[in-house]
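J.: With the sequence up front, the predicted model follows.
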2 protein chains.
Amino acid sequence: MTSANFVVEARDASSSARVGRLELPHGPVTTPVFMPVGTGGTVRGVFHRTLAELGFALILGNTYHLYLRPGHDRIRRLGGLHAFSGWDGNILTDSGGFQVFSLAPFRTVSDDGVRFRSHIDGSYHELTPELVVEIQAALGSDIQMPLDVCLGYGVDRAEASEAVDRTTAWASRAAQAWRATGEWYEGALFGIVQGNFYPDLRRRSAEELLELDLPGYALGGLSVGEPAEVFREYLDLSAELLPGDRPRYVMGIGTPDYILHAIEQGIDMFDCVMPTRMARNGTVFTRGGRIALKNSRFADDPAPIDGDFTHPSVSMYSRAYVRHLFKSGEMLGPMIATVHNLSFLADLVSEARDAIANATFGAFKRRFLQRYLEGNERERIRSSEARTGQPVDAEVGMGERG
Amino acid sequence: MTSANFVVEARDASSSARVGRLELPHGPVTTPVFMPVGTGGTVRGVFHRTLAELGFALILGNTYHLYLRPGHDRIRRLGGLHAFSGWDGNILTDSGGFQVFSLAPFRTVSDDGVRFRSHIDGSYHELTPELVVEIQAALGSDIQMPLDVCLGYGVDRAEASEAVDRTTAWASRAAQAWRATGEWYEGALFGIVQGNFYPDLRRRSAEELLELDLPGYALGGLSVGEPAEVFREYLDLSAELLPGDRPRYVMGIGTPDYILHAIEQGIDMFDCVMPTRMARNGTVFTRGGRIALKNSRFADDPAPIDGDFTHPSVSMYSRAYVRHLFKSGEMLGPMIATVHNLSFLADLVSEARDAIANATFGAFKRRFLQRYLEGNERERIRSSEARTGQPVDAEVGMGERG
């Protein structure tokens, strides 16, 4: 895969937002695109057919999870992740770097790679940049990510710098391994820019990775616990470092405000477990802000989850009914909420693409977020009052996150 | 509703099997019909849309569960169970009798009704025949069942006889309350024949209930732990007691052999939680017998769950993938298996209807069960050998249940 597989088709008038078309082995993907996360080869609680109906042409899988269970050798024997899972759209697999650093106990990092214990059965494993490429090639990932060192917010400069060194060295080894895969493997390899919250480290990471001339670039290590304004600052300065002729991907963001901010900065791809995870807990996006459907005030609410904006496949379900399902521990509750949240994000990104094509993205973003964030703020006040029994004032000069 | 709402459209040549059409407030239902069980207002893990696609025009709800949560007053306020749940097909609600006797602790039965503690929160409740009619009218059930006394296998004659007395008395009070519901309520009330495993008590129960001239009749208290041959004996003798111009319903059966036997005896309707419950545990019906998909021998099996007989909406999922989902505790596993099992039973009953219309039901039943039960027997041997490490002989002269 080369940069020729990505074409920018439209640009916003007053921001870096753009509409693009990404050609992948399992069909074209229109960007900006939100990618649902299917960690273990399944977007939890969603039939493949439903994903396709919602317009998702690219979903995520995770190398760490699939390597541990059911194992990439098994998946290779069964014809790759597409044949194994029955999903015939595109699949991007994350390298497992983030998961090793966030999930696996007893991990030790060396120049060679990372050694860790499985969070499932405690067995020891070692991932190297080369093995991670091999695993993802065995999976048949349409886009694969190289092993990287991902750190949290608040790490000191020395540690962040060393992580950049390793991330670059590993990406270089990954690129070599990826270029050595046979003709049979058509997937792309993206680079992952790290550098934590140090502007010069971000710049160095990007510059070093660009030398590898990969078909796409991602920003890693953002949305890892930093305040919203820090996220925005680092997204903005990092996005500028990425080449305009390649797809740009921010890993791990999934709220409307983060997504719209990223699109404005010229980001093309994003993913996050949060929208589907919060759905399974009963919290859904609406145009008027997030709501927790378990809340007792929905017990008699006959309205659909988000008025006209609920997807037809779940529009027959009232808030009262979905609340009943959650209170009764019924599977259908998470299933409905998950489809709803994915449909919400698919619509959001689709409308953003239309707004970019009409060169009116800024107005769209303002209008959308005003209603959405005011709703979040109302909800914050409501739940705070319910908790304390005291009235709460609305925030004056409220920012983009309530 | 009167008996005019049920028309027999075709009869088998050499058995009592028949095809009928039952007109209900939410549309016609072709019989024989398997009814999926949606205890708390949801068939676990299945979207309403999928149920409709599978051809189900009549599902079950449960009075006991819906009365306790979310409460029939709430459902009434929200326009009834159809409006509340968003399901616009027909709903039959069981009376709660069976649930009170099988689930609720501290129950006491008197002539007036049954007092019990909620299995959810321990609160005390009392159900009377009249209240049970009122609850089901509030739910808007298309078919409602009267409160009955349901006993298990092995109960002595005195207790079984007393249960028949109460069941008759309660059905009579239920019929009076049902006839007194206003014009606004269009649902039917069926009678439930009890009598445990005493032929004369079964006969007395049926005769007493027939005097109430209800629009349909059910056989209760079967498939409660008795051996298969006892089930068949009592089904056969009880089925003959029911009028041929009304729908006949056997409560609580859901395996292919029991269903086909019931159809042969002229039964029109049946329901059971087992097909969906076993699906959630990873066991599925196939034409070649039941299989437990968690079994390690499916780990590399690329075949769909049941070859050509898997429903198109789940046909892209291999046994290997579904096993992976179950081993990983993923929701999609139970979702796929549930759709498959419901689709299997919908197909079975649909093919049975065709065979009846062609007057070839007997041959269809033999052919279907031969392959199915041989498969069950193979599976029994396989799992026994896996457990003991010893070879097992196939049963000679195997009956209809392996």
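T.: Noted; the coordinates are in hand.
J.: For the residue of the stretch 201-350 of chain A found nearest chain B, which non-adjacent residue is closest in space?
T.: Using CB to the nearest CB, A:M316 is the residue of the stretch 201-350 of chain A that sits closest to chain B, at 3.4 Å. Heads up, the C-betas are built off the backbone N, CA and C, glycines and all. With CB to CB, 6 or more residues apart in numbering or on different chains as the criterion, A:M316 has its nearest non-adjacent residue at 3.4 Å, and that residue is B:G86.
J.: The one you found contacts A:Y321, doesn't it?
T.: Yes. Between B:G86 and A:Y321 there is a contact under CB atoms under 8 Å: 6.3 Å.
J.: Could you list every helix and strand in contact with the host helix or strand of A:T93?
T.: Taking DSSP states H and E as the definition, A:T93 sits inside strand A:90-94. In terms of contacts (3 or more CB pairs under 8 Å, 6 or more residues apart in numbering or on different chains; DSSP states H and E), strand A:90-94 is packed against strand A:58-62, helix A:63-68, helix A:81-85, helix A:129-139, strand A:143-144.
J.: quick one on the thing from earlier: neighbour count for B:G86 and A:Y321, which is higher?
T.: A:Y321 (29 against 20; other CB atoms under 10 Å in any protein chain shown).
J.: helices and strands around the helix or strand the more buried one falls within, which ones?
T.: Using DSSP H and E, A:Y321 sits within helix A:319-327. Using 3+ CB pairs under 8 Å, 6+ apart as the contact criterion, the elements in contact with helix A:319-327 are helix A:332-357, helix B:81-85.
J.: any chance of these in CSV, plus mean pLDDT and distance to A:H72?
T.: Shown next, in CSV, are those (pLDDT from 0 to 100; distance: least, CB to CB, whole Å):
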stretch, mean pLDDT, distance to A:H72
helix A:332-357, 98, 27
helix B:81-85, 98, 43
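J.: okay if I get those as CSV plus distance to A:N62?
T.: Putting those into CSV (distance: least, CB to CB, whole Å) gives the following:
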stretch, distance to A:N62
helix A:332-357, 18
helix B:81-85, 35
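J.: can I get the ones you listed in a markdown table with mean neighbour count and distance to A:L293?
T.: As requested, these are exported to a markdown table (neighbours: other CB atoms under 10 Å in any protein chain shown; distance: least, CB to CB, whole Å):
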| stretch | mean neighbour count | distance to A:L293 |
| --- | --- | --- |
| helix A:332-357 | 23 | 7 |
| helix B:81-85 | 23 | 15 |
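J.: nearest to B:A188, of the ones you listed?
T.: helix B:81-85 (15.2 Å; CB to CB).
J.: what's that closest one in contact with?
T.: Surrounding helix B:81-85, the residues in contact under the criterion CB atoms under 8 Å, 6 or more residues apart in numbering or on different chains are A:302, A:317-318, A:320-321, A:324, B:26, B:41-42, B:48, B:61, B:66, B:74-75, B:78, B:87-88, B:91, B:93, B:139-141.
J.: Pull out the buried members of these.
T.: A:317-318, A:320-321, A:324, B:26, B:41-42, B:48, B:61, B:66, B:74-75, B:78, B:87, B:91, B:93, B:139-141 (16 or more other CB atoms under 10 Å in any protein chain shown).
J.: tell me the centre residue of chain A?
T.: Nearest to the geometric centre of chain A sits A:D271, at 1.2 Å (CA atoms, centre = their mean).
J.: If it is in a bridge, with which residues?
T.: With DSSP bridges as the criterion, A:D271 is bridged to A:M35.
J.: So it is in contact with A:L60, correct?
T.: Yes. Assessed by CB under 8 Å, A:D271 is found in contact with A:L60 at 5.1 Å.
J.: anything in contact with each of these two?
T.: Joint contacts of A:D271 and A:L60 (CB under 8 Å, 6+ apart) are A:M35, A:P36, A:V37, A:L92.
J.: The second one: what's its closest spatial neighbour, skipping adjacent residues?
T.: Counting by CB to CB, 6+ apart, the nearest residue to A:P36 once its immediate chain neighbours are dropped is A:V43, at 4.7 Å.
J.: Show me chain A divided up by domain.
T.: A:3-272, A:279-388 (automatic domain parsing).
J.: Using a markdown table, please lay out those domains together with distance to B:P199.
T.: Shown next, in a markdown table, are the domains of chain A (distance: least, CB to CB, whole Å):
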| stretch | distance to B:P199 |
| --- | --- |
| domain A:3-272 | 48 |
| domain A:279-388 | 40 |
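J.: As PDB, could you dump the C-alpha coordinates of the worst-scoring helix or strand of chain A on mean pLDDT?
T.: Lowest mean confidence among the helices and strands of chain A (mean pLDDT, DSSP states H and E): helix A:97-102, at a mean of 86. In PDB, the C-alpha atoms belonging to helix A:97-102 read as follows (Å, rounded to 0.1, in the frame of the first residue of the first chain):
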ATOM      1  CA  GLY A  97       1.500  -2.000  22.700                       C
ATOM      2  CA  PHE A  98      -1.200  -0.100  24.500                       C
ATOM      3  CA  GLN A  99      -2.800  -3.300  25.900                       C
ATOM      4  CA  VAL A 100       0.500  -4.600  27.100                       C
ATOM      5  CA  PHE A 101       1.100  -1.400  29.000                       C
ATOM      6  CA  SER A 102      -2.400  -1.100  30.300                       C
END
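J.: What are the buried residues along that helix?
T.: Buried residues in helix A:97-102 (16+ other CB under 10 Å): A:G97, A:F98, A:Q99, A:V100, A:F101.
J.: contacting residues around the third one?
T.: Spelled out, that is A:Q99. So A:Q99 contacts A:N62, A:T63, A:Y64, A:H65 (CB under 8 Å, 6+ apart).
J.: re the thing from before, and which of the buried residues of helix A:97-102 is nearest A:D354?
T.: Nearest to A:D354 among those, with distances taken as CB to CB, is A:F98, at 32.1 Å.
J.: where's the nearest residue to the closest one once chain neighbours are set aside relative to chain B, distance?
T.: Spatial nearest neighbour of A:F98, chain neighbours left out: A:C150 (4.6 Å); criterion: CB to CB, 6+ apart. A:C150 is 23 Å from chain B, where distance means CB to the nearest CB, to the nearest Å.
J.: now A:C150: how far from B:T286?
T.: 45 Å (CB to CB, to the nearest Å).
J.: same deal with A:T283?
T.: To B:T286, A:T283 is 39 Å away according to CB to CB.
J.: Same question for A:L369.
T.: 51 Å.
J.: who's more crowded, those two?
T.: Shown here are A:L369 and B:T286; by other CB under 10 Å, B:T286 has more neighbours (22 against 17).
J.: got the contact list for that one?
T.: B:I305, B:D306, B:G307, B:F309, B:F344, B:G375.
J.: Secondary structure of A:Y217: a strand, I assume?
T.: Yes. Under DSSP: H, G, I helix; E, B strand; the rest coil, A:Y217 falls within a strand.
J.: Now render the contacts of B:T286 as a markdown table, adding secondary structure.
T.: As requested, the contacts of B:T286 are arranged in a markdown table below (three-state DSSP):
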| residue | secondary structure |
| --- | --- |
| B:I305 | coil |
| B:D306 | coil |
| B:G307 | helix |
| B:F309 | helix |
| B:F344 | helix |
| B:G375 | helix |
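J.: Neighbours of the residue in the stretch 101-250 of chain A positioned nearest to chain B, how many?
T.: Residue nearest to chain B within the stretch 101-250 of chain A: A:I120 (8.8 Å; CB to the nearest CB). The number of residues packed near A:I120 is 13, by other CB under 10 Å.
J.: and what of the one 5 residues further on?
T.: A count of neighbours around A:H125, defined by other CB under 10 Å, yields 17.
J.: now do the one 4 residues further on
T.: By other CB under 10 Å, the residues close to A:P129 number 27.
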